[in-house]
Structures are given as C-alpha cells and as structure tokens.
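S.K.: structure here, sequence nowhere to be found:
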C-alpha cells in the first residue's frame, strides 16, 4: 500500500491510498488531520508533513509527494529558520529615515524586527518587558515602509484602555486615536471614524459581542489584541465569558478574511498558557487558523481523561429526580514538548531572567498563627464547610471546590469580612510590617486583597496614619489614572490597596518596592500579573513580594495550589508528560 500526498492550497495537503485500507493510525497523532468520509481521503496541515512522514516510515508505508507540496514545505522550512534566527539576533529594520520616538532596549528592538516580518503573530514576553511599546514601534515601522495604510483596532481589557492612551502619547507620533467607552458610544465613534479615520481605535474586549457588526464596517489594516489570556478556547463552555469573547473575535477575523482584507494581527500576553495546557488552543486557533481540526481532537492529543459518574438532580415530568451523569475529567497531560514546539511557531517570548537591567525580586512568606476569637470563628466556618462538602461527596453530586472555600478564605482574612468582630491576627502582623517599612521612610507599599470588605477594612485602618488609596471594581476606570498618578508622584498616600482583577493589568506601580498579599487566591494569572506591577526595569532597588499566610489554614493550601500551577506552566517548556492533581486533593486536607 502506498500513500499519495498532494498540495491543496493555504497550507493544506490531501492524502489518499490506492487501496481501501484505513490510514487512521499514521494520521491519529496529527491534530490538523480531517477525514472526508464521502471521498475517502485525509486532509492535514503542511506544517505537520514531517511528523506524518515519520509515522509512515515507522510503519513501512511508501509515500509519494507532488512537486508543489515539496516546494511549499521547503519554502516553509526556510522561512521558519529565518524567523528563528531573527528571534535571537534581530535584523536590519531597513526603513530609511525612520527613527524611534523613544529608543527601544536591545530585546525590544529584536522583538520589533521579528514582528515586522510576520502577518499573524504572538508577543508572549514576560510582564514588564514593554510589549505595548514593541507593538507601537512595529506599527511605526510598518507605516514608514508603507506596509499598512488606514486605521487599526486595539482590543484590550477595560482597565488597560487609558494605559494604552498613555503609551501612545509617550512612545509614538500617532495623534489621532479614539477610546471607545461603552456600546452606544463605540457605535457612534465607529460611524464618525468612517467619515474621519483615526490611527487607532481602542475598544474594551467585552464590547466585541455587541459592536462586532459595527466593527465589520471599519475594514482595519491591523488588529492588536492585548491580554489575550482573557480569551478562552471556543468549545470549552458556550456560556463562559472568555469563550464568548473568542467567538466574537474569531467571527470578526473570519469575516475580514472572506472579504480578502490583509489584516495584520498581533496578540499580546505574558501568560499564553497560565494554568492549563488546553488554553493553548485559543492561541493556535487565532495565529494558525485551520491548523487544529477541532477542540476535541486537540485535547485528546494532549490530555488523558478519566471517566467519573456523578449523581445530579434534574426536573423530569415536573418532578425532581436523581440521575447519573458521566463526566470526563483531565488527570494527566501528555506530549507537552510537541505543544511547546507549536507555541514557538506562533510567536516570540523572552523572560526577565534573559535580559539585563531588571532588579532582583525576592519572595517572602510571613506566617501567623490564628488565636483567640479569630481562631474560634475560623473553626466554626471550617467545620461547616467540611460538613457540607462531605454531604456532597456522599451523595455523589459534583461541586465547585472554589465556591465552597470562599467563606473560609474570607474568615481567615478577618472575621469582620463576614460581619463578625474586627480581630484579625493577619492585620496585627501587617501593622508590624508596615511600621517597619514605612516609618520615617519615603517608601510605598501595595496591599493586594480579593474581597471588597477586606479592601474597605484595610483602607480605613491605615488612612489616618499613612494615607491610603484604592483600586477595585467600584472605582471608575477614568479615575484610576489619577489614583496611580498620586501614588507614583505625591508624598502621600503611602499605601495603595488593590484588587488583582482591577489593578493587576497594564498598570505601572513601580514607585513601590514592596507588595504584600493579605489574601491568597486561586488564579495564578492574577497573582503573576499583580506581582509584576512593581517589578519593572525602572524599579529602584530589590523588589519584595510578601505573602501573609495563616499557619494550618486554607492559606497554606492555596499557596501549595499556586505552586503546583506554576510548576505546570514551567513544565510545559520541558516535560513530555505531567500528572495533574485535582484541586480537591490540595485543599480538603486543610479542613482537618
């Protein structure tokens, strides 16, 4: 039996056999492979030709490739080698008379050299390496060389819109840009831009679903997507906010493609895969369109599943009945080196440890033992949580571990968060730390907390003594810039209390050298993003990241959970397989 391979176009190849024997085995490891049942042939991505050849050679199956397929594959390999060299050494920008408004650092210049040579690309540099500046410099080079004409769109979180405006003013000569505020305003702005074009239109990513039809009228020359980790894989959950964002974005890109518009796309994130390797699917979907056959083929390639049976309540015929439901849960990841190679094809990533000029960052854990009324209140909530979880486990019902531990996380911070007495052992240790850092000093400190009530308690506790300010959901986006300006420029406030979701993205808070985490959290992305608000090249002196951990409580479980998530993220770059323990196994032991 021989296999014949023929180039179809747009990186796709067709394969068929002269006999009716199945070719499932050699194609099973290709995540781009699709089988056409009616015509009985396979299609796959040209970029997986090398892997298919190895599979066929291993099975002693002869192959015949048409000349065009060989030529396209060699051209692809040559371009891949050229871009790999640029990633390391950079290249000549080759734009006569062009100068940067602000001189880039060496690694930023290399990044610009790489980006200007790509059509769809990811910029995955670690937080603090100046991704926004690199993108703006890339746009300036494109404009000087005549590669892009017309307007463009910046899609970013709501908290980052005004940071983008500040960066545009600082690093570029683009004077005509518009910030979209809300759905109705965005629609009016788009109608106005069709008559009077601007260089950049900055829009909140959650507005995409409501204004996508209006955005289709713009016909942009380029699109920049900031903090792409907020876009989840389409297919994971139709009701998930991240998936809905992705659906709207992919629809826009696909429509522009059908109109034959040459839209350059750069996606930016410091954490392309933060917690689960499945998150890489959204990146591949955007930057290598058509490469992955489906989400389910992708996860079956990189995940090992275990089937579990749960008992749930459903309303049948007007009555609630218990029914058994089969659920597939991920227990292990595999072929991670292959995933790493795929991600390397989509973009460029540098770490702070690889470049010069960054201050040292040290992480410190300060332990406190709960006592007195705080310990009594914690034990009451812990016993109630343990009883509820045991009942759910005995009934066989599925439950969300994170939701069940929220009250426990609140009480370990301060009983007053749940309406009890203000008697926090954590706050007593925090008083000592702040006195040591701030007394007779011009230093400043950032306190990170995840509950609104705890933010209010911390704000009121230190307002008179040190002066405090805060950034959380209730603080208007327009006012946050002034809060940051006061913190970075004025003598007071000395303390800024922030929620990681509101203050952990696209903000420069390098005036502080110390960040203290009063609350532990589930989300690794929020933790990493918030840490890097003060760890910048312009930071003065050693940066300290302090975690206040209550000994023998849920805090220790969350610290362990974040460590395992970080190990998983790091292992994606080195491991073939990685066993994933469930959150329940980390946290349930802290109920005893």
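M.R.: Received the coordinates, thanks. Please read these numbers as outputs of a predicted model, since none were measured by experiment.
S.K.: let me see the domain layout of the protein.
M.R.: Domain segmentation of the chain under automatic domain parsing yields 3-72, 101-303+334-354, 361-591.
S.K.: what is the rounded mean pLDDT of the longest one?
M.R.: Per-residue pLDDT values over domain 361-591 give a mean of 84.
S.K.: tell me the helices and strands packed up against the helix or strand harbouring residue 286.
M.R.: Using DSSP states H and E, residue 286 sits in helix 280-287. Using 3 or more C-beta pairs under 8 Å, 6 or more residues apart in numbering; DSSP states H and E, the elements in contact with helix 280-287 are strand 120-123, helix 241-258, strand 264-268, helix 295-302, helix 336-346. In short, each C-beta sits where N, CA and C put it, glycine included.
S.K.: and residue 57, which of the ones you listed is closest to it?
M.R.: Among the helices and strands packed on helix 280-287, the nearest to residue 57 by C-beta to C-beta is helix 336-346 (17.9 Å).
S.K.: tell me what the closest one is packed against?
M.R.: So helix 336-346, by 3+ C-beta pairs under 8 Å, 6+ apart, packs with strand 120-123, helix 280-287, helix 295-302.
S.K.: and it, which residues are buried?
M.R.: Of the residues in helix 336-346, 336, 339, 340, 342, 343, 346 count as buried by neighbour count, 16 or more other C-beta atoms under 10 Å.
S.K.: what about the helices in the stretch 101-250 of the chain?
M.R.: Counting by DSSP state H, counting those that start in this stretch, the segments of the stretch 101-250 of the chain that form helices are 106-115, 131-145, 161-171, 183-195, 208-215, 241-258.
S.K.: could you redo those as TSV and give each row mean neighbour count?
M.R.: Formatted as TSV, the helices of the stretch 101-250 of the chain follow (neighbours: other C-beta atoms under 10 Å):
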stretch	mean neighbour count
helix 106-115	21
helix 131-145	22
helix 161-171	18
helix 183-195	15
helix 208-215	18
helix 241-258	18
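S.K.: now the ones you listed as CSV including distance to residue 482 and mean pLDDT?
M.R.: Below are the helices of the stretch 101-250 of the chain laid out as CSV (distance: least, C-beta to C-beta, whole Å; pLDDT from 0 to 100):
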stretch, distance to residue 482, mean pLDDT
helix 106-115, 29, 92
helix 131-145, 20, 92
helix 161-171, 10, 88
helix 183-195, 21, 75
helix 208-215, 27, 84
helix 241-258, 28, 85
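S.K.: now those helices in TSV, with distance to residue 560?
M.R.: Putting the helices of the stretch 101-250 of the chain into TSV (distance: least, C-beta to C-beta, whole Å) gives the following:
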stretch	distance to residue 560
helix 106-115	34
helix 131-145	31
helix 161-171	33
helix 183-195	42
helix 208-215	37
helix 241-258	26
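S.K.: tell me which of these sits nearest to residue 6.
M.R.: Between these, helix 241-258 lies closest to residue 6; by C-beta to C-beta that is 23.8 Å.
S.K.: what distance do you get for the closest residue to residue 473 other than its chain neighbours to residue 483?
M.R.: Among residues not flanking residue 473 along the chain, residue 502 sits closest, at 5.7 Å (C-beta to C-beta, 6 or more residues apart in numbering). According to C-beta to C-beta, to the nearest Å, residue 502 stands 11 Å off from residue 483.
S.K.: common neighbours of the two, please.
M.R.: 471, 475 (C-beta atoms under 8 Å, 6 or more residues apart in numbering).
S.K.: all helices of the stretch 351-500 of the chain, in order?
M.R.: Using DSSP H, counting those that start in this stretch, helices in the stretch 351-500 of the chain cover 372-395, 401-404, 406-413, 425-438, 452-466, 477-489, 500-503.
S.K.: columns distance to residue 248 on top of those, output as TSV?
M.R.: Listed next are the helices of the stretch 351-500 of the chain as TSV, based on distance: least, C-beta to C-beta, whole Å:
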stretch	distance to residue 248
helix 372-395	35
helix 401-404	26
helix 406-413	30
helix 425-438	41
helix 452-466	29
helix 477-489	21
helix 500-503	21
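S.K.: show me the one of these that comes nearest residue 164.
M.R.: Closest among those, using C-beta to C-beta: helix 477-489, at 11.5 Å.
S.K.: and the spatially most central residue of the chain, what's its pLDDT?
M.R.: With the centre of the chain defined as its mean C-alpha position, the nearest residue by C-alpha atoms, centre = their mean is residue 229, 2.3 Å away. Note on residue 229: pLDDT of 86.
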